[in-house]
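>>> Let's see this in three dimensions:
(one chain, ligands or ions: 1)
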Amino acid sequence: MGLALSFAFSNKKSVIKKLEITFLGGAREVGKSALFVKGNKNNILLDYGAQTSREPSFPMHVKPREVHSLLLTHAHLDHSGGVPLYFLREGVKLLTTGLTLELSTLLIEDFIKLSGFYLPFERVDLLTMAKNTERVEISESRQVADEFVVKFPNSGHLPGGTAIILEHGGRRLLYTGDVNLRDSQLISGADTDFGELDAVITESTYALVDHEPREKIESDFVAFANEVVERRGVLLVPAFSVGRAQEIACVLRSRNFKHNVAMDGMALKANDVLFRYQDFMRDPELFRKTIENIEVVSDWSQRKRLVKTPSVIIAPAGMLMGGASVFYHQELSQNEKNGITIVAFQAQGTPGRTLLDRGLTIIDGRPVPVKAEVRRFDFSGHSGRTELFEMLAKVKGKPKVYTTHGDGDSCNVFAKEITERFGFQASAPEIGDKITV
Ligand SMILES: [Zn+2]
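Residues are numbered from 1 along each chain as shown. You can find the predicted model right below:
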């Protein structure tokens, strides 16, 4: 077997093989990200997500006994949703930030509640996961399994989220996870001081499009919120409970929105977790004041009163697939003085997408035109095209680049453009492909 392997370097004492990396998921798709890294004696996983949109599915499987450690970039289920599979018993170590551990636990608990029938793990397995977690700090370097040195730079994508830099036998690999170079109200933009790299595995979600300038999105959003409330309407913001809900609340506060802002559902649980990790926030004081001043919704009489009181209501689920936002949507959609804002990506087939594309909602099983004013604001947690190229321009050396985590043509086209622009060898791997670094 030795002949099939290439060698990074060798001397009399030790032979260090190149790393072999398998794309287990998240290649030419957005969903179920996972990479398997084979080292000299030990192997590690980078993320192990789940596809949650229909019946849940997972990346290609690797047996837990072949895995020394699992390194998790951030809490979104397409990166974390399959992690408990490696904690059905002891033996694997999880390395991630304390905040990512807690937010992942919150989201996976909800995942179990909604899809438990299909899942091979239960809530109790999350205890094993927590017990076997080594909490890392952002930017910290750590030795893993004697042969890897790993570093976790801030990725700017979600509170607690990081990229991963992996060093092995003198070679350096960057896995970006999901990345956002720009500051948001909640968190600072990604740390891009990567140094010299031999390989980059980058996300490609918005490789073909640019976002509008953040400043303009924020001011347009707050102007719309003011307009709706000043005409005595209610503005519903269906928002993902971790990150986006708090970001929207911080945007309103930072731009001196004077009216009532209420928050409901699982976003409130996320607030409790984030409140304990204020150091991760870009502006802890803004965050604290925002959370302290929102109206916390806790019962049905309050919900029924709120839909008649001019205010902004931030409520999960972000795609109107369940949770409190469904009730608010039904109550508010038939009155033209109300507003509904879509502030996140809406997957095909979700009620949020139907609302956005066709202006319809389903009431008592029938499609009904929505009378409330529906607007979309592009509050993305991902870098747009310009920032992805900006990130690669900051890389030192001449790395090979692998484009992942993108729909349609994004990965392929992005890879071609990277070669044209930087002269880096770049390709868009498929699920199951192996590379050596
Ligand atoms: Zn993400």
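
>>> Tell me the strands beside the one helix or strand residue 134 maps to, with direction?
In this assignment (DSSP states H and E), residue 134 forms part of strand 133-136. Strand pairing for strand 133-136, determined by DSSP bridges: strand 93-97 (parallel).

>>> mind checking how far the strand it pairs with is from the chain centre?
Counting by CA atoms, centre = their mean, to the nearest Å, strand 93-97 is centred 17 Å from the centre of its parent chain.

>>> Can you point out the buried residues in the helix or strand just after it?
Going down the chain from strand 93-97, the next helix or strand is helix 98-115, by DSSP H and E. Buried residues in helix 98-115, counted by 16 or more other CB atoms under 10 Å: 98-108, 110-112, 114. From N, CA and C alone the C-beta is placed, and that goes for glycine too.

>>> helices or strands next to helix 98-115 in the packing?
In terms of contacts (3 or more CB pairs under 8 Å, 6 or more residues apart in numbering; DSSP states H and E), helix 98-115 is packed against helix 77-80, helix 123-131, strand 133-136, helix 266-275.

>>> just these: most buried one?
Mean neighbours per residue, mean count of other CB atoms under 10 Å, is largest over the helices and strands packed on helix 98-115 for helix 77-80, with a mean of 26.

>>> Could you check that helix against the ion for contacts?
No: applying CB under 5 Å from the ion, one finds helix 77-80 out of contact with the ion, separated by at least 6.0 Å.

>>> coming back round to it: and the buried residues of helix 98-115, which two are furthest apart?
With CB to CB as the measure, no two of those lie farther apart than 98 and 114, at 25.2 Å.

>>> so who does residue 418 touch?
Contacts for residue 418 (CB atoms under 8 Å, 6 or more residues apart in numbering) come out as 392, 401, 403, 424, 426.

>>> Give me the neighbour count for residue 18.
Residues near residue 18, counting by other CB atoms under 10 Å, number 20.

>>> Residue 437 is in contact with that one, correct?
Yes: with contact defined as CB atoms under 8 Å, residue 18 reaches residue 437; the gap is 6.1 Å.

>>> Give me the three-state assignment for residue 36.
Secondary structure of residue 36, reduced to three states by DSSP: H, G, I helix; E, B strand; the rest coil: strand.

>>> That one - nearest residue in space that isn't next to it in sequence?
Once flanking residues are discounted, residue 36 sits nearest to residue 22: 4.4 Å by CB to CB, 6 or more residues apart in numbering.

>>> if we can go back for a sec, what does the strand holding residue 134 rub up against?
Outside of strand 133-136, the residues within contact range by CB under 8 Å, 6+ apart are 93, 94, 95, 96, 97, 98, 101, 142, 152.

>>> Partner strands of the very next helix or strand once past it and their direction?
Counting by DSSP H and E, the next helix or strand C-terminal to strand 133-136 is strand 141-144. Strand 141-144 has the following sheet partners, assigned by DSSP bridges: strand 148-151 (antiparallel).

>>> Return the set of buried residues in the strand it pairs with.
In strand 148-151, counting by 16+ other CB under 10 Å, buried: 148, 150, 151.

>>> If the first one is in a bridge, with which residues?
According to DSSP bridges, the partner residues bridging residue 148 are residue 144.

>>> show me what contacts the closest residue to the ion within the stretch 101-250 of the chain?
Using CB to the ion, the closest approach of the stretch 101-250 of the chain to the ion is made by residue 178 at 3.7 Å. Counting by CB under 8 Å, 6+ apart, residue 178 touches 73-74, 76, 79, 155, 157-158, 161, 203, 205, 381-382, 405.
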